[in-house]
Structures are given as structure tokens and as C-alpha cells.
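*Asks:* one predicted model, sequence on top.
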Amino acid sequence: MGKPKKGGGKRPPNHDMGPEHRFALAIRRADLIERIVVNLTWALAVVGGVYFAIYLPIKVTAGKTTTIQYLVSWLADFNVHVALAWSTAAACVWWGSRERKKRLQERAERDERIKQLETQLDPNRTSSNLTVDGHAVQREAKK
């Protein structure tokens, strides 16, 4: 005879489970089916896109002089790699300045909230006279 299984043997049949457990299983099955359908749809879209955008045009235009050949030769003369490098650099500078502005704005909002909370704790508290970006505030000279 074989060894008995650990954990007591078989799982109870579905009719012995409570309605909450059966509902949870049904939800998990529905979620799994949804993920399979979504992934299959994306895979078919990618395969179809590659077929119609790359394979079919190459097959149809094989051996013919086409606009694509003129376009490729023009792009080769245009030095696309240089334009791509400059546009990437410009995009990175724009993104960096946008992120800095966003970070300073968030910092100002947090500093204002912290100032309110600290004033609640100690009403006699004075300011450090620094701006959000860490610069000292210029005071007017007393006359």
C-alpha cells in the first residue's frame, strides 16, 4: 500500500464550501479569463500590426523603385541620427525643468502645511526667512 498523503488527503468537494468561497473562486476564474482574453487581443494586435506594417509592404514592393527608397535616401542625407540626438537632448531638458518646477511647487505646499502645524504647536515661533528653494529673503533696510 502507498503512503498516506500529508494534510489529510482530498480536498472537500465544491458543494461543501460556503457561498463566499464559491463566489471568490468564480471571481478568480473570471479574472483569469479576462487576463487571457486581454493578452491574446494584444498579441494578435501586435502580430497583425507587424504583418500589415512591415511584412506586407516589403513583399509587395520587392524589387521596385518606390517612394520608400527615396525617403530612406533623403533621411540618410539628412543625418537623422544628429536630429534624433538633439531632439532627445531638448526633450530631456524640458522634462527636467518641468520636474524641478513641480518639485518646488510640491515643496512650497508642504512647507506651508508644516508652517501651519508648527505655529499651532508654538505660536511664538519665528521664520527662518528662507524661500522654498533655500535662498534668503531680502529684507528692506530700515530708515
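*Replies:* Ah, there it is.
*Asks:* quick check: pLDDT value at Gly7.
*Replies:* What the model reports as pLDDT for Gly7 is 55.
*Asks:* kindly report the same for Thr41.
*Replies:* pLDDT for Thr41: 97.
*Asks:* name the element it belongs to?
*Replies:* helix 19-50 (DSSP states H and E).
*Asks:* please save the CA atoms from stretch 105-113 in PDB.
*Replies:* Taking C-alpha atoms only, stretch 105-113 is exported to PDB below (Å, rounded to 0.1, in the frame of the first residue of the first chain):
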ATOM      1  CA  GLN A 105       5.700  73.600  -6.100                       C
ATOM      2  CA  GLU A 106       5.100  70.500  -4.000                       C
ATOM      3  CA  ARG A 107       7.800  71.600  -1.600                       C
ATOM      4  CA  ALA A 108       6.100  75.000  -1.200                       C
ATOM      5  CA  GLU A 109       2.700  73.300  -0.400                       C
ATOM      6  CA  ARG A 110       4.300  71.000   2.200                       C
ATOM      7  CA  ASP A 111       6.300  73.900   3.700                       C
ATOM      8  CA  GLU A 112       3.100  75.900   4.100                       C
ATOM      9  CA  ARG A 113       1.400  73.000   5.800                       C
END
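*Asks:* mean confidence score for that stretch?
*Replies:* Mean per-residue pLDDT for stretch 105-113: 89.
*Asks:* gap between it and the chain center?
*Replies:* Computed by C-alpha atoms, centre = their mean, to the nearest Å, the separation of stretch 105-113 from the middle of its chain amounts to 25 Å.
*Asks:* could you give the number of residues near the closest residue to Glu118 other than its chain neighbours?
*Replies:* When the adjacent residues along the chain are set aside, Glu118 lies closest to Arg125, with 5.6 Å between them (C-beta to C-beta, 6 or more residues apart in numbering). C-beta: built from backbone N, CA, C; applies to glycine. Using other C-beta atoms under 10 Å, Arg125 has 10 neighbouring residues.
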